[in-house]
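Novice: sequence below, structure please.
(2 chains)
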Amino acid sequence: MARGLRFLGILALIYASLSLCIAANVRPISDAHRSAALELFASPIDGSFGSLEETYEALKTLKNLGLERPGDVKEKACPLVVGKLGSTSSSLKDLFQALRVNSVIGCQIDAKTFADVASRIQAVIKDTSSLEDFYYSVGSLLLVKDQGSSVNLPDANDIFHSIKALSQSDGRWRYNSNSAESSTYAAGLALEALAGIVSLADSEVDQSMIETVKNDIVKLFDSIESYDDGSLFFDEKHVATSEYKGPVTTTSSVVRGVTAFAAIASGSLNIPGDKILGLAKFFLGMGVPGSSKDLFNQIDSLSLLENNRVSIPLILSLPSTVLSLSSKDQLKVEVNTVFGSAAPPLTVNLVQGFSSASKEVPALENQELKFDAENGVHYLDILPLKVDVGKYTLVFEISLHDPEHLNTYAAGGQTKTLVFLTGIIKIDKAEIAILNSDVGNVETSQKLDLSRDSAVALSANHLQKLRLSFQLTTPLGHAFKPHQMFLKLKHDTNVEHIFLFESSARQFKIVLDFLGLVEKFYYLSGKYDIEITVGDAAMENSLQRALGHVELDLPEPPEKAPRPPVQPADPYSRFGPQKEISHLFREPEKRPPQELSLAFLALVLLPLLVFIIGLIRLRVNLKNFPSSPVPAAFSLLFHVGIGAVLVLYVLFWLKLDLFTTLKTLGLLGIFLIFVGHRTLSHHASISSKLKSS
Amino acid sequence: MAKTTASDAQALIRSLRSAYASTPTNLKIIDLYVVFAVLTAIIQVAYMGIVGSFPFNSFLSGVLSCVGTAVLAVCLRIQVNKDNKEFKDLPPERAFADFVLCNLVLHLVIMNFLG
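Specialist: Residues are numbered from 1 along each chain as shown, chains lettered A, B, ... in the order given. Next comes the predicted model:
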């Protein structure tokens, strides 16, 4: 029961967090991004970067965020840059990356190197047909031009045409003329390359071509995808291809291409400001990405959107979405650009505010927020508006003061956000009582103060009822219905029972008829602790109180009564240290005292002594030992062999296993048989000689 | 009566000793070895009687090692004894080789059993 309720609670929490996401409160770039950037780009910064591309991304992100770049990165990266630019075997991509890094840190490179690079690229660009090669070469030429070298593209119109030839009717681009697959990411690359060609061209690029590209961009924006919270992004149509890069990279590429093209194209691009705002919301809605690539794309795109020529997105955000009525919080709204800089003069209107309880009738309507120029915050006092606690969906609208700004800024239409108004809920008429079941008269009744734990002591039998009631009123005097209201009865044996409150008009009441509950209580008489839980997101004084206990006298269980479930001692105890396992060993046998054993050891040696003395008494000698050297040697070896076998046995007893012993014994045995045979046959021949003589 | 018994016993022992004196020395050595082995076994049994037979396999291997080598020594004595016509063709060197081999096998088993 308790577990089921806990599960429901978790589900409710998940649902609540999901519903919050729908009207997410996007905040501009903050210090969280800066510290994440320092952390993510720690390795490229300290010089142990993997490639020039990563170095560029790290340096560019730090620059966009206004962070200091480490002092020694120039010394570490410049030799690599110079090496790539000087080498004739560098690919177009390498040259492009090297030039990009150079554009951020500014290495010491002479004009001749740049001229060489430019002429090499110009030789390649005429023959290439791949979009990526166009992108890298045009990008490189632009970077060379930025460094002060004069670069001119005589056949700009031709190159423009050959890039345009790769475009598809839906505004996407192909990577090269052979591939049938079109890609949104490639469209971004193409637009950036086209923009580069226009700024590199010595003569005017055909204006009609630029107009067709503008149309392509509009078509490309038709394929934009959206999330429920109003954020917009680009993604590939076919996600299964090997070129697939994910929505962040794809969107970022399009943003780069479109902003670059908007910067060079005369006249305005026909893109609604809402779409630019949606893209900005998409990048901000990512929060702080965990991968350095995503962070680079996010920050780079946002910095381009911050200064683009189409329309600059303005982000409306709330510093806090939980407002306390008891501490007289103001509804504060900030309007910033994506990087958090100040917006032009504008007015924020609260168009409507719906309570989650009544979706039809707005609780708030048409409130103009005052502007606090000092803090750059628009604010509204909620207290005089007589708004009650609860969950509200607020709809804001931004109106710019200067009509000229309407074209440069994208404020979006209406912005929805979710806000919690919290307050202290008054608890009245809390009362606990024991009723007699048959007539319903009150046996005992006690007033409760739910603002603190109490210790009432009640007793009841199975013919009686327990009643607990109280009232909840909001600061404005309305009835309040919290999300969670539970009564918990807990027996001494840890068996718990949880009951829900019924609400009738303004009063919350629970009546426990013990006669109907005896089976549920497993006929367990005794002391039950009472605990009450009242909680809600909008209730500042949510409570969980121990009320005391009730002594229940229930009848004896019949034979087939259900047994109370076994209570786990503590669900967390299984994560703690386990009970030590005591192994059952056989009792060690009693050993004799050591002195006795040593005495017997000496005693065992005594017969040996007797044996040796006996041998001496018998006048045993070694005269039979062969005197000539060869038999003597064999005889000696025979005795040594027997000794070796005996030593092997001792080793077997002490540490060797049977297999090793048998192997060694086999070798020793062969030796012993050979030597023994020689020795003993020598003896036999001597004794037979003696006999015959 | 008692005196005659004692003197008889004395006479018996004296005759035994004189008869044993004529035994060849190599047989005497074997006899001494058998006595040594049996004595060792008896001491171990006595130790077991006092202390108890807890490491029973150790006790068994100790006693059986002594008894076994004593039995083998008796076998050797039978084969080496020149008065035994049955083993006349068997040279004593061959008998000694058998004795050594059997002892080695016996003690391999004993060591394995010792634990």
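Novice: for stretch A:27-37, buried residues please.
Specialist: For stretch A:27-37, burial by neighbour count (16 or more other C-beta atoms under 10 Å in any protein chain shown) applies to A:R27, A:P28, A:I29, A:H33, A:R34, A:A36, A:A37. Where you see a C-beta, it was placed from the backbone N, CA and C, and this is true even at glycine.
Novice: the first one belongs to a helix?
Specialist: No. Membership of A:R27 in a helix is not supported by DSSP: H, G, I helix; E, B strand; the rest coil, which gives coil.
Novice: in three-state terms, label the closest residue to chain B within the stretch 201-350 of chain A for me.
Specialist: Using C-beta to the nearest C-beta, the single residue of the stretch 201-350 of chain A nearest to chain B is A:G290, 63.8 Å away. When classified by three-state DSSP, A:G290 comes out as coil.
Novice: neighbours of it, just the number please.
Specialist: When neighbours are counted by other C-beta atoms under 10 Å in any protein chain shown, A:G290 registers 10.
Novice: same question for the one 10 residues further on.
Specialist: The number of residues packed around A:D300, counting by other C-beta under 10 Å, is 19.
Novice: residue contacts, it?
Specialist: Applying C-beta atoms under 8 Å, 6 or more residues apart in numbering or on different chains to A:D300 gives the contacts A:K60, A:T61, A:N64, A:S252, A:R256.
Novice: switch those residues over to TSV; also include pLDDT.
Specialist: As requested, the contacts of A:D300 are exported to TSV (pLDDT from 0 to 100):
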residue	pLDDT
A:K60	86
A:T61	86
A:N64	85
A:S252	91
A:R256	90
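Novice: of those, which qualify as buried by neighbour count?
Specialist: Listed as buried from these are A:K60, A:T61, A:N64, A:S252, A:R256; burial here means 16+ other C-beta under 10 Å.
Novice: now, those residues that are in helices?
Specialist: In helices, judged by DSSP state H, the following of the buried ones among the contacts of A:D300 are found: A:K60, A:T61, A:N64, A:S252, A:R256.
Novice: the last one contacts A:Y185, correct?
Specialist: In other words, A:R256. No. Under the criterion of C-beta atoms under 8 Å, A:R256 makes no contact with A:Y185, lying 10.5 Å away.
Novice: quickly note the distance from A:A538 to chain B.
Specialist: Separation of A:A538 from chain B (C-beta to the nearest C-beta, to the nearest Å) stands at 79 Å.
Novice: what number of residues lie near that residue?
Specialist: Residues lying near A:A538 (other C-beta under 10 Å) number 23.
Novice: how about it, what does it touch?
Specialist: Counting by C-beta under 8 Å, 6+ apart, A:A538 has contacts A:V389, A:G390, A:K391, A:F420, A:L421, A:T422, A:G423.
Novice: how about a cut-off of 6 Å?
Specialist: Applying C-beta atoms under 6 Å, 6 or more residues apart in numbering or on different chains to A:A538 gives the contacts A:V389, A:G390, A:F420, A:T422.
Novice: just A:S311 next, same as before
Specialist: Neighbour list for A:S311: A:G273, A:I276, A:A410 [criterion: C-beta under 6 Å, 6+ apart].
Novice: ok, A:F611 next?
Specialist: B:L32, B:F36.
Novice: quick check: phi and psi on it?
Specialist: Per-residue torsions, A:F611: phi -60, psi -50 (degrees, to the nearest 10).
Novice: in chain B, which residue is closest to the centre?
Specialist: Nearest residue to the geometric centre of chain B (C-alpha atoms, centre = their mean): B:V34, 2.3 Å.
Novice: what's the burial count for residue 55?
Specialist: Using chain A here. Using other C-beta under 10 Å, A:T55 has 26 neighbouring residues.
Novice: oops, chain B please
Specialist: If we define neighbours as other C-beta under 10 Å, then B:P55 has 15 of them.
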